[in-house]
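J.: Quick one, what's the 3D model for this:
(chains A and B)
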Amino acid sequence: DTAVSQTPKYLVTQMGNDKSIKCEQNLGHDTMYWYKQDSKKFLKIMFSYNNKELIINETVPNRFSPKSPDKAHLNLHINSLELGDSAVYFCASSQRPAGGRETQYFGPGTRLLVL
Amino acid sequence: GQQLNQSPQSMFIQEGEDVSMNCTSSSIFNTWLWYKQDPGEGPVLLIALYKAGELTSNGRLTAQFGITRKDSFLNISASIPSDVGIYFCAPAGSARQLTFGSGTQLTVLP
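T.: This next block holds a predicted model:
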């Protein structure tokens, strides 16, 4: 069974459109994340949600809006897509056990291409 | 600001050779994670380090959390073709936020 899943895997769209990417985790984790990986493979965190509440919001244009309907889901909605939004977007989840030792588990990624 | 340097950027090695890569930072971290990313896939956790000086192995992989808490290395022994991919270090401080290194692209030649 897939632990962290994302849909769609590929997304090709026109500039100016609005699109959403969905993420689900079946690990029972309390925290979920969105990362962006650019063409040089650099991975950067965008958002983090803990128990449906936003806890990390890096410098991301407000065209990007995460939504967490429940602990197992974190969706990413992007308005007015721009060419520079083309990248691979990864969802991840984590759970901090007692003692603070945590790890993050990543989904397979959504490859977004804006034309 | 915080600086994280991962090196080397890329490596071309012969099958059977050992590999070493490292990350250094200007900041102190509480956790060092190492991930591998295969083409078209998401990063997969290889090794997690939680204590300064900790040395941990996972099969042919060995990683150490530097005693200063500002660096970590990953070694791969007796490389095989399936070791090809991008390796990332990802340290974290007290907040639950990972900072990813720029990656080491490993190519294993037969």
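J.: going forward, measure contacts and count neighbours with C-alpha atoms only.
T.: Noted.
J.: Let me know how buried the nearest residue to residue B:99 once chain neighbours are set aside is, in neighbour terms.
T.: Closest residue in space to residue B:99, ignoring its immediate chain neighbours: residue B:90 at 5.3 Å, by C-alpha to C-alpha, 6 or more residues apart in numbering or on different chains. Other residues lying near residue B:90 total 25 when counted by other C-alpha atoms under 10 Å in any protein chain shown.
J.: could you give the mean pLDDT of the strand or helix carrying residue B:90?
T.: When secondary structure is defined using DSSP states H and E, the element that contains residue B:90 is strand B:85-92. Strand B:85-92 comes out with an average pLDDT of 95.
J.: Pull up the residues of chain B that are close to chain A.
T.: Taking C-alpha under 8 Å from any C-alpha of the partner chain as the test, the list of chain B residues beside chain A reads B:31, B:33, B:40-45, B:48, B:50, B:97-103.
J.: Pull out the buried residues from those residues.
T.: B:31, B:33, B:42-45, B:48, B:50, B:97-103 (16 or more other C-alpha atoms under 10 Å in any protein chain shown).
J.: what residues are up against the residue of chain B found nearest chain A?
T.: With C-alpha to the nearest C-alpha as the measure, the residue in chain B that lies nearest chain A is residue B:42; the distance is 4.4 Å. Residues in contact with residue B:42 (C-alpha atoms under 8 Å, 6 or more residues apart in numbering or on different chains) are A:90, A:106, A:107, A:108, A:109.
J.: quick one: low-confidence parts of chain B?
T.: B:1-2, B:95-96 (pLDDT under 70).
J.: make it 90
T.: Regions of chain B meeting the criterion pLDDT under 90 cover residues B:1-3, B:30, B:92-98, B:110.
J.: which residues in it form strands?
T.: Assigned by DSSP state E, chain B shows strands spanning B:4-7, B:10-14, B:19-25, B:31-37, B:44-49, B:55-58, B:61-65, B:71-76, B:85-92, B:104-109.
J.: Equivalent analysis for chain A, please.
T.: Assigned by DSSP E, chain A shows strands spanning A:4-7, A:10-13, A:19-25, A:31-37, A:43-50, A:53-57, A:64-70, A:73-78, A:87-94, A:104-106, A:110-114.
J.: could you say what helices and strands the fifth one packs with?
T.: Translated: strand A:43-50. In this structure, strand A:43-50 makes packing contacts with strand A:31-37, strand A:53-57, judged by 3 or more C-alpha pairs under 8 Å, 6 or more residues apart in numbering or on different chains; DSSP states H and E.
J.: Just the buried residues of it, please?
T.: Of the residues in strand A:43-50, those buried (16+ other C-alpha under 10 Å) are A:43, A:44, A:45, A:46, A:47, A:48, A:49, A:50.
J.: That strand - which strands sit beside it in the sheet, and in what orientation?
T.: Next to strand A:43-50 in the sheet, as set by DSSP bridges, lie strand A:31-37 (antiparallel), strand A:53-57 (antiparallel).
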